[in-house]
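J.: sharing a model that was predicted from the sequence below.
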Amino acid sequence: MRTVLITGATTGIGAALARTIPHSEDTVFLQYHANRARCEEIADELRSRGAQAHLIAADFAADPDGATRAIATEIGAHGDYLNVLINNAGGILQRRTVENAEYEIVAETINLNLVAPMMLATHMSPLLAAAVKRFGRADVINITSIAARSGSPTSTPYGAAKAGLENFTRGFAKEVGPGIRVNSVSPGVIDTPFHHGTTPADQMERWLAATPVGHHGKPEDIVAAVAFILANDFMSGAVVPVNGGFQMI
Ligand SMILES: NC(=O)c1ccc[n+]([C@@H]2O[C@H](COP(=O)([O-])OP(=O)(O)OC[C@H]3O[C@@H](n4cnc5c(N)ncnc54)[C@H](OP(=O)(O)O)[C@@H]3O)[C@@H](O)[C@H]2O)c1
């Protein structure tokens with residue numbers, strides 16, 4: 001029986017991960033920020049399939065260290081190991097050009113997309129190491145972004161944070177191997193609430209025109225990449241791009 005933690009498990013990619021990655025006998029922790037009702041629905045689905053599902057509220061933008069430390073304490077109170085940590089929560093918060101950026105937005109964006117995943121991995125390290133002792137392996141999977149390489153005009157702190165998260169993936173993988181595997185999945189444009197209200201429709205059209213596969217991605221495309229990493233015994237420090245060919249690396 002594994003213990004799995006998925007952050008941002010309410011909508012979009014996180015909801016799809018939460019519905020698919022846990023096995024029926026797993027203990028699953030689902031983090032949410034504002035959307036408790038959606039998270040509760042997903043937890044109920046998991047419970048109906050036999051899993052134990054727990055909700056954890058956290059605001060990673062405001063207090064990434066306190067919020068992630070509290071999560072570690074709560075999971076530690078339920079058990080003494082963590083097999084899979086998926087750092088999925090993230091977002092742009094507000095689109096601003098650099099010349100109009102305010103410190104609070106920059107700091108909160110970097111907290112949400114970089115500091116919180118790093119501190120969660122830090123605070124979870126003892127439980128991940130305990131899973132290695134018991135099962136031979138534990139996994140940290142960071143959901144980054146195409147913006148890590150392309151740059152992100154009007155959301156530069158977001159792109160910079162995701163680039164930092166990819167670099168953290170490599171450094172942490174080297175520190176905690178061989179038992180703990182650390183990998184990233186880098187989504188391109190995925191059709192989720194992420195874009196509602198922050199990405200203009202004409203921008204979505206321009207991105208679509210530059211995407212060789214001819215459509216935007218679905219959350220399930222990211223789930224497939226995460227499942228691939230978890231099934232593979234010879235990957236660590238990798239970034240798996242899932243972007244329809246929009247960015248070829
Ligand atoms: N969709 C894309 O095109 C795309 C592209 C590249 C990368 N990504 C990355 O993929 C991941 C998932 O994105 P998505 O498209 O599924 O986004 P989404 O639908 O907007 O979901 C974002 C998730 O993050 C949580 N969250 C937001 N602010 C938070 C905060 N301050 N503290 C803690 N949690 C917070 C939300 O929780 P509540 O709902 O409870 O508020 C929600 O569960 C993100 O890391 C995103 O950067 C997405």
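T.: Perfect, I can see it now.

J.: ranges for the helices of this protein?
T.: 12-20, 36-48, 64-78, 103-110, 116-135, 147-150, 156-176, 201-209, 219-231 (DSSP state H).

J.: closest one to the ligand among these?
T.: Distance to the ligand, taken as C-beta to the nearest ligand atom, is lowest for helix 12-20 among the helices of the chain, at 2.3 Å. To be clear about C-beta, it is placed using only N, CA and C from the backbone, and glycine gets the same treatment.

J.: and the closest one, is it in reach of the ligand?
T.: Yes: applying C-beta under 6 Å from any ligand atom, one finds helix 12-20 touching the ligand at G12, I13, G14.

J.: in CSV: those residues, plus pLDDT and neighbour count.
T.: As requested, the residues of helix 12-20 next to the ligand are exported to CSV (pLDDT from 0 to 100; neighbours: other C-beta atoms under 10 Å):
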residue, pLDDT, neighbour count
G12, 98, 22
I13, 98, 28
G14, 98, 27
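
J.: quick check: residues of this structure near the ligand?
T.: So far as C-beta under 6 Å from any ligand atom goes, the chain lies against the ligand at 8, 10-14, 32-35, 58-61, 88-91, 112, 143, 145-146, 187, 189-190, 192-194.

J.: just the buried residues from these, in PyMOL please.
T.: The buried residues among these can be selected in PyMOL (16 or more other C-beta atoms under 10 Å) with this line:
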select buried, resi 8+10+11+12+13+14+32+33+58+59+60+61+88+89+90+91+112+143+145+146+187+189+190+192+194
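
J.: ranking the helices of the chain by burial, who's on top?
T.: Neighbour counts (mean count of other C-beta atoms under 10 Å) averaged over each of these peak at helix 12-20, with a mean of 24.

J.: can I get that one as PDB, trimmed to CA atoms?
T.: What follows is helix 12-20 as a C-alpha-only set of coordinates in PDB (Å, rounded to 0.1, in the frame of the first residue of the first chain):
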ATOM      1  CA  GLY A  12      -7.200  20.500 -14.600                       C
ATOM      2  CA  ILE A  13      -4.000  18.400 -14.500                       C
ATOM      3  CA  GLY A  14      -4.100  17.800 -10.700                       C
ATOM      4  CA  ALA A  15      -7.700  16.500 -10.800                       C
ATOM      5  CA  ALA A  16      -6.800  14.100 -13.600                       C
ATOM      6  CA  LEU A  17      -3.700  12.900 -11.700                       C
ATOM      7  CA  ALA A  18      -5.700  12.400  -8.600                       C
ATOM      8  CA  ARG A  19      -8.300  10.400 -10.400                       C
ATOM      9  CA  THR A  20      -5.700   8.200 -12.200                       C
END
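
J.: helices and strands around it, which ones?
T.: Applying 3 or more C-beta pairs under 8 Å, 6 or more residues apart in numbering; DSSP states H and E, we find helix 12-20 packed against strand 3-6, helix 36-48, helix 219-231.

J.: can you rerun that using 6 Å?
T.: If contacts are counted by 3 or more C-beta pairs under 6 Å, 6 or more residues apart in numbering; DSSP states H and E, helix 12-20 sits against strand 3-6, helix 219-231.
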